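Got a predicted structure here, sequence first:
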Amino acid sequence: EAGVAQSPRYKIIEKRQSVAFWCNPISGHATLYWYQQILGQGPKLLIQFQNNGVVDDSQLPKDRFSAERLKGVDSTLKIQPAKLEDSAVYLCASSLVGSYEQYFGPGTRLTVT
Amino acid sequence: AQSVTQLDSQVPVFEEAPVELRCNYSSSVSVYLFWYVQYPNQGLQLLLKYLSGSTLVKGINGFEAEFNKSQTSFHLRKPSVHISDTAEYFCAVSLPSGNTPLVFGKGTRLSVIA
């Protein structure tokens, strides 16, 4: 069974530029999460989808971050414009409906200079 | 709201020695408890979980953890560590139902010394 796929694995941009990350969850997993992991801290939820609907985006900085999951499968997380403090690893996770277990992708490491 | 405190940011230990990584949580309701491991440049992998029942839970790679409700703790232990156990370990909690987000601690870096 293929795991959660993320791309790119690494990205370096300058502040005020825009960037997008892509996630492909495990087949059949209707629930998808994006977490932000800043160096030295644990992952923090940004947004949760179930199918193509948003369940929780209360911690998403909506002035610069956006996310979508149009067909209920792949998801894209965008930052526009990026700030220095957005430097972090962005983790995507997925789970079956009703399951407590989340499966994580390898993450995208973003460096904003 | 839930919160997790991992009391040690770094734990160095010699190979074949025992190790304990400490985790305390705060919540006004019951929670599920988890330990995840993160190897360099990889995502998080579930080590073990406590949902209900026996307070001693066993996980992969010889790890085990004990849930202590009165002390709101969920410490991770291994009787004999290997070099390959060098990684970042995260304690996490979630509400006791499916499809709820995880709340993580800041992590403990375990370094196993040969």
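Great, that's in hand.

ok, residue 46 - contacts?
Just going to use chain A. Going by CB atoms under 8 Å, 6 or more residues apart in numbering or on different chains, residue A:46 touches A:34, A:35, A:36, A:57, A:59, A:60, A:65, A:67, A:77, A:90. For every residue, glycine as well, the C-beta is placed using N, CA and C.

I was after chain B.
Residue B:46 neighbours (CB under 8 Å, 6+ apart): A:101, A:102, B:34, B:35, B:36, B:59.

Mark which of these are part of helices, please.
In helices, judged by DSSP state H, none of those are found.

Correct me if wrong: residue B:98 contacts residue A:55.
No - when contacts are counted by CB atoms under 8 Å, residue B:98 is not listed as touching residue A:55 (11.8 Å).

circling back: please indicate which of the contacts of residue B:46 are buried?
Neighbour counting by 16 or more other CB atoms under 10 Å in any protein chain shown classes A:102, B:34, B:35, B:36, B:59 among the contacts of residue B:46 as buried.

Take those residues and keep only those in strands.
Among the buried ones among the contacts of residue B:46, the members falling in strands (DSSP state E) are B:34, B:35, B:36.

Just name the closest of those residues to residue B:74, please.
residue B:35 (7.5 Å; CB to CB).

Need the nearest residue in space to the closest one, chain neighbours excluded.
residue B:47 (4.4 Å; CB to CB, 6 or more residues apart in numbering or on different chains).

so the one you found makes contact with residue B:61?
Yes - look at residue B:47 against residue B:61 with CB under 8 Å: they come within range, at 7.1 Å.

residues in chain B within reach of chain A, list them.
Contacts of chain B with chain A, taken as CB under 8 Å from any CB of the partner chain, map to B:4, B:9, B:32, B:36, B:41-46, B:49, B:51, B:90, B:92, B:94, B:97-107.

got a list of what the residue nearest the centre of chain A touches?
Closest to where the C-alpha atoms of chain A average out (CA atoms, centre = their mean) is residue A:34, at 3.2 Å. Each residue near residue A:34 by CB under 8 Å, 6+ apart is listed here: A:23, A:45, A:46, A:47, A:48, A:67, A:75, A:77, A:90, A:91, A:92.

try 10 Å this time
By CB atoms under 10 Å, 6 or more residues apart in numbering or on different chains, residue A:34 lies in contact with A:21, A:23, A:43, A:45-49, A:57, A:60, A:65, A:67, A:69, A:75-77, A:90-93.

what bridges to it?
With DSSP bridges applied, residue A:34 shows beta-bridge pairing to residue A:47, residue A:92.

show me where chain A has strands.
Going by DSSP E, chain A shows strands at A:5-7, A:10-13, A:19-24, A:31-37, A:44-50, A:53-56, A:65-68, A:75-79, A:88-95, A:103-104, A:108-112.

residues near the residue of chain B found nearest chain A, how many?
Distances between chain B and chain A by CB to the nearest CB are smallest at residue B:104, namely 3.0 Å. When neighbours are defined as other CB atoms under 10 Å in any protein chain shown, residue B:104 has 23 of them.
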